[in-house]
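Participant: following is a predicted model, sequence given first.
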Amino acid sequence: MRVLLTGATGYTGLIVASRLMDAGAHVRGLASRPSEFTQRLESTGDFTFLQGDLRDTQTLAEAVEGVDAIVHFAAIVGDPASAREPELARQVNVEATKVLYEAADRSGVNHLVFGSTCSVYGRHAAGVATETTPVNPISLYGESKAEAEGYLLDQDGGVNVTVLRLATAYGVSPRMRLDLVVNQYVHEATTRGEVTVMGPEAWRPHVHVQDLAQAVNSVLSDPGKTRQQIFNVVAENMQLKQVAALASAAPTGPVRINYRATVDDRRDYAVSGEKLRNSLGYTPDWTIAQGVREVCNHLISAQAAGSRSADEAAQQDRPPRISTNAARSRSTTTPDGSRRRPPTDSGTALGVPGTTPPRRQQGRGR
């Protein structure tokens with residue numbers, strides 16, 4: 001299978017590219033600029049990098065030529081980034097998606113997988129949101145993704161469309177992001193010895209970046225079952241205070257948790273991943289607890305490698321280099337150790353079949 005992957009140089013895109021190649025696909029990665037990571041992927045022989053702007057019609061026409069499927073992950077991602085540049089967010093997240101679909105339809109592409117977000121649910125107090133729950137975005141980012149979803153699912157062309165509403169990702173990637181909830185809390189715990197939690201009672205869905213990539217593989221493997229369908233990609237639902245508790249337990253030293261009840265981010269939702277599991281037999285491998293340990297070990301190793309490089313440079317009377325070990329991913333396709341559930345809590349709900357909606361707990365974080 002020949003797959004066009006947009007956003008191939010990002011935190012998620014690099015993992016998705018590797019997993020697609022492991023499954024036997026040839027990946028054409030489209031991004032605005034190359035990197036050392038895309039060069040490594042190209043060295044395998046199953047990855048071709050295409051540099052270009054997603055908003056350029058000619059670039060997209062070239063990108064879709066001869067591919068069987070498209071995985072569209074390129075976007076202005078997240079509420080803060082979209083709010084800073086609202087016009088750019090709309091151009092990339094909505095208008096470029098429309099042009100990409102039109103190019104795919106003209107070129108005879110069979111399948112387009114759109115990376116959307118669970119942020120389209122916004123605030124959902126009535127239990128666990130499913131794919132049939134009305135969207136309620138409360139940010140520009142959520143609104144732009146919901147609009148792009150609506151456009152794609154309304155088309156009646158020859159392209160099979162699958163929308164993946166992605167939970168908040170976590171875990172180690174060659175291009176780390178430390179502004180994602182789990183990664184951020186672990187980073188704060190290991191570097192500062194304290195974690196700040198804004199809106200501790202709020203619920204969020206989470207998924208390890210490796211499990212997210214596996215979901216893409218599952219959808220591409222069976223386009224007949226996924227045509228014009230929406231799937232939530234989520235492994236666990238957890239309150240922010242619970243994530244912080246796990247993150248604070250990972251480092252060897254003491255960690256203080258600071259709760260802040262007032263927040264600008266009003267999102268609060270738990271999401272079901274049952275449809276994807278029942279339809280395609282997709283089963284996540286990672287728990288948040290395992291991901292916390294993975295990210296903690298990665299950060300500690302990176303810090304140690306950076307310190308060693310600085311010491312060596314000082315001894316040789318030259319400027320310190322950035323350690324390649326600090327940038328290299330230590331992630332594997334399977335978690336370390338056996339899988340286990342997060343600590344028992346009456347307010348914890350896993351995104352698996354048979355779980356009951358999480359109960360809203362009263363009061364506010366301390």
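Facilitator: Everything's here; your move. Numbers count the residues shown, from 1 in each chain.
Participant: where along the chain do the helices fall?
Facilitator: 11-22, 36-42, 57-64, 79-84, 86-90, 96-107, 140-154, 181-192, 209-221, 223-226, 240-249, 274-280, 288-315, 324-327 (DSSP state H).
Participant: for the protein, which element, helix or strand, carries the lowest mean pLDDT?
Facilitator: Lowest on mean pLDDT, DSSP states H and E among the helices and strands of the chain sits helix 324-327, with a mean of 29.
Participant: burial of the residue nearest to residue 59 when sequence neighbours are not counted, as a residue count?
Facilitator: Closest residue to residue 59 apart from its sequence neighbours, by Cβ to Cβ, 6 or more residues apart in numbering: residue 52 at 3.4 Å. Bear in mind the C-beta positions are built from the backbone N, C-alpha and C, glycine included. By the measure other Cβ atoms under 10 Å, the count of residues near residue 52 is 16.
Participant: again with the one 5 residues further on
Facilitator: Close neighbours of residue 57, defined as other Cβ under 10 Å, add up to 13.
Participant: hmm, it is touching residue 99, no?
Facilitator: Yes. Applying Cβ atoms under 8 Å, one finds residue 57 in contact with residue 99, separated by 6.0 Å.
Participant: mind telling me which of the helices of the chain the model trusts least?
Facilitator: Among these, helix 324-327 has the lowest mean pLDDT, at a mean of 29.
Participant: what sits opposite the most centrally placed residue in the chain in the beta ladder?
Facilitator: Centroid-nearest residue in the chain: residue 169, 3.8 Å away (criterion: Cα atoms, centre = their mean). For residue 169, the beta-bridge partners are residue 207 (DSSP bridges).
Participant: local confidence estimate at residue 44?
Facilitator: So residue 44 comes in at 80 (pLDDT).
Participant: ok, the residue nearest to it when sequence neighbours are not counted - how many residues close by?
Facilitator: Among residues not flanking residue 44 along the chain, residue 21 sits closest, at 6.5 Å (Cβ to Cβ, 6+ apart). Per other Cβ under 10 Å, the neighbour tally for residue 21 reads 17.
Participant: and residue 21, how far from residue 8?
Facilitator: 11 Å (Cβ to Cβ, to the nearest Å).
Participant: joint contacts of the two?
Facilitator: When contacts are counted by Cβ atoms under 8 Å, 6 or more residues apart in numbering, residue 21 and residue 8 are jointly contacted by 27, 41.
Participant: quick revisit: I figured the residue nearest to residue 44 was touching residue 47, is that so?
Facilitator: Yes. Counting by Cβ under 8 Å, residue 47 is a contact partner of residue 21 at 6.3 Å.
Participant: pull up the overlap in contacts between the two.
Facilitator: Common neighbours of residue 21 and residue 47 (Cβ under 8 Å, 6+ apart) are 27, 41.
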